[in-house]
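Q: Show me how the following folds:
(4 chains)
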There are 2 protein chains.
Amino acid sequence: MIDMVSARKKMELFPSACRGAGLKVTPQRVAVYGMLLKTDSHPSAEEVYHVIRAAIPSISLGTVYKILDTLHNQGFLRRVATSRQTARYDARVEPHHHTLCEQCGKIQDVDVALEPELVHLEKSTEDFRVKIPEVVFHGTCGDCAQPAPVVH
Amino acid sequence: MIDMVSARKKMELFPSACRGAGLKVTPQRVAVYGMLLKTDSHPSAEEVYHVIRAAIPSISLGTVYKILDTLHNQGFLRRVATSRQTARYDARVEPHHHTLCEQCGKIQDVDVALEPELVHLEKSTEDFRVKIPEVVFHGTCGDCAQPAPVVH
DNA sequence: GTGGCTGCAAAGCTTTTGCATGTTC
DNA sequence: GAACATGCAAAAGCTTTGCAGCCAC
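A: Numbers count the residues shown, from 1 in each chain, chains lettered A, B, ... in the order given. Now for the predicted structure:
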């Protein structure tokens, strides 16, 4: 479920945040960031590309990759940890966690704070600076758990 | 740090565990599994391939991929969650967690139980069957945190 | 002997790179 | 106008697939 208030705020701040980071405000960047703010499906680069093409038909997949990389490096986006080949993106940079369906790859948000344990864990990892602690719940989603339909 | 006692036990049980799962016991499989038991570096398929080649020069990369896939499907291996393209493997299937260096990709084990919180988290995710809860600590490892050496 | 496994090569998917052109500031 | 971003195409990286021959059981 998306927090539209927070999403709108981020969208409003985006242009000045870009300029503050030395990035130019292009329609492509705005569209990619806006799209990621409006979804909770943690799309891949390819999925972002297909959605953006509806609004900006001239955009290229390579540009989408470059934008995702730039926004990730600047901290506008998170790359969700998965055990698959394809990168998945998330504009919610606030601490939260994910379920990952090993069958279909679906990623869902898990909004549970992990404070007391986290402090403990961070202390235990000397020689490593933790930026984002993320719990990945590997498993099977509701759709994939259902018995396969009988084919006659 | 590797628990050699546990690793030796697993190696001894491997042949019968394979047969029990309907898998044949081939030198290639034994070598791949044995190699992963002896390391805590969470190697990629390519890295496994290079090590195994020293013992079995005829092995091919495709075979390594197939073996890793088979052993993962049968629960002998975990695929570690990362935010990179390359899959990383772990023969320690018992619950434990990882640090992930966003710079160099290094993965290290974090051995802290997460029991009380986990129960809480599992309850909170209806419609999803959790198999493995894994904490990924995204951040920067000691080597990458060091200031770049001055070049004259 | 049979079914499954290996080795090889080709193909597929995801991502990166280089460069000319276009756009933001 | 300068610096940066885009679009395009080629290439690189990782993984899967198909098939003939081989091996474990």
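Q: Which residues are in contact with the closest residue to residue A:76 other than its chain neighbours?
A: Residue nearest to residue A:76 in three dimensions, not counting chain neighbours: residue A:33, with 6.3 Å by C-beta to C-beta, 6 or more residues apart in numbering or on different chains. Quick note: C-beta positions are derived from backbone N, CA and C, even for glycine. Residue A:33 is in contact with A:11, A:14, A:71, A:76, A:77, A:91, counting by C-beta atoms under 8 Å, 6 or more residues apart in numbering or on different chains.
Q: quick one: the strands in chain A?
A: For chain A, applying DSSP state E gives strands covering A:78-80, A:88-90, A:97-101, A:107-110, A:128-141.
Q: I'd like those as a markdown table, with mean pLDDT appended.
A: As requested, these are arranged in a markdown table below (pLDDT from 0 to 100):
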| stretch | mean pLDDT |
| --- | --- |
| strand A:78-80 | 97 |
| strand A:88-90 | 98 |
| strand A:97-101 | 93 |
| strand A:107-110 | 92 |
| strand A:128-141 | 89 |
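Q: so can I have a markdown table of the ones you listed showing mean neighbour count and distance to DNA strand D?
A: As requested, the strands of chain A are exported to a markdown table (neighbours: other C-beta atoms under 10 Å in any protein chain shown; distance: least, C-beta to the nearest atom of the strand, whole Å):
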| stretch | mean neighbour count | distance to DNA strand D |
| --- | --- | --- |
| strand A:78-80 | 20 | 15 |
| strand A:88-90 | 22 | 15 |
| strand A:97-101 | 23 | 15 |
| strand A:107-110 | 18 | 18 |
| strand A:128-141 | 20 | 16 |
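Q: quick one: stretch A:34-46 near DNA strand C?
A: Yes: using C-beta under 7 Å from any atom of the strand, stretch A:34-46 reaches DNA strand C at A:44, A:45, A:46.
Q: among those, which ones are buried?
A: The neighbour count (16 or more other C-beta atoms under 10 Å in any protein chain shown) marks A:44, A:45 as buried among these.
Q: Could you tell me which of the residues of stretch A:34-46 next to DNA strand C are located in helices?
A: A:45, A:46 (DSSP state H).
Q: Out of the residues of stretch A:34-46 next to DNA strand C, which is nearest to residue A:18?
A: residue A:45 (19.7 Å; C-beta to C-beta).
Q: Compute the distance between the closest one and residue A:99, please.
A: Residue A:45 sits 21 Å away from residue A:99, going by C-beta to C-beta, to the nearest Å.
Q: Repeat that for residue A:89.
A: In terms of C-beta to C-beta, residue A:89 sits 17 Å off from residue A:99.
Q: Tell me what residue A:79 is bridged to.
A: Residue A:79 forms beta bridges with residue A:89, as assigned by DSSP bridges.
Q: who's in contact with it?
A: Applying C-beta under 8 Å, 6+ apart, the residues near residue A:79 are A:72, A:87, A:88, A:89, A:90, B:83.
Q: Which two of these have the greatest separation?
A: Largest separation among these by C-beta to C-beta: A:72 and A:88, giving 11.4 Å.
Q: residues in contact with stretch A:44-53?
A: For stretch A:44-53, contacts defined as C-beta under 8 Å, 6+ apart pick out A:28, A:31-32, A:35-36, A:41, A:43, A:59, A:61, A:64-65, A:68, A:86-89.
Q: And for stretch A:9-22?
A: With C-beta under 8 Å, 6+ apart as the test, stretch A:9-22 has contacts from A:24, A:25, A:29, A:30, A:33, A:34, A:37, A:74, A:76, A:91.
Q: hey, C-alpha coordinates of stretch A:68-75 in PDB?
A: In PDB, the C-alpha atoms belonging to stretch A:68-75 read as follows (Å, rounded to 0.1, in the frame of the first residue of the first chain):
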ATOM      1  CA  LEU A  68      18.000   4.100 -12.400                       C
ATOM      2  CA  ASP A  69      21.700   3.800 -11.700                       C
ATOM      3  CA  THR A  70      22.100   7.600 -11.100                       C
ATOM      4  CA  LEU A  71      19.100   7.800  -8.800                       C
ATOM      5  CA  HIS A  72      20.300   4.700  -6.900                       C
ATOM      6  CA  ASN A  73      23.800   6.200  -6.400                       C
ATOM      7  CA  GLN A  74      22.200   9.500  -5.200                       C
ATOM      8  CA  GLY A  75      20.000   7.600  -2.700                       C
END
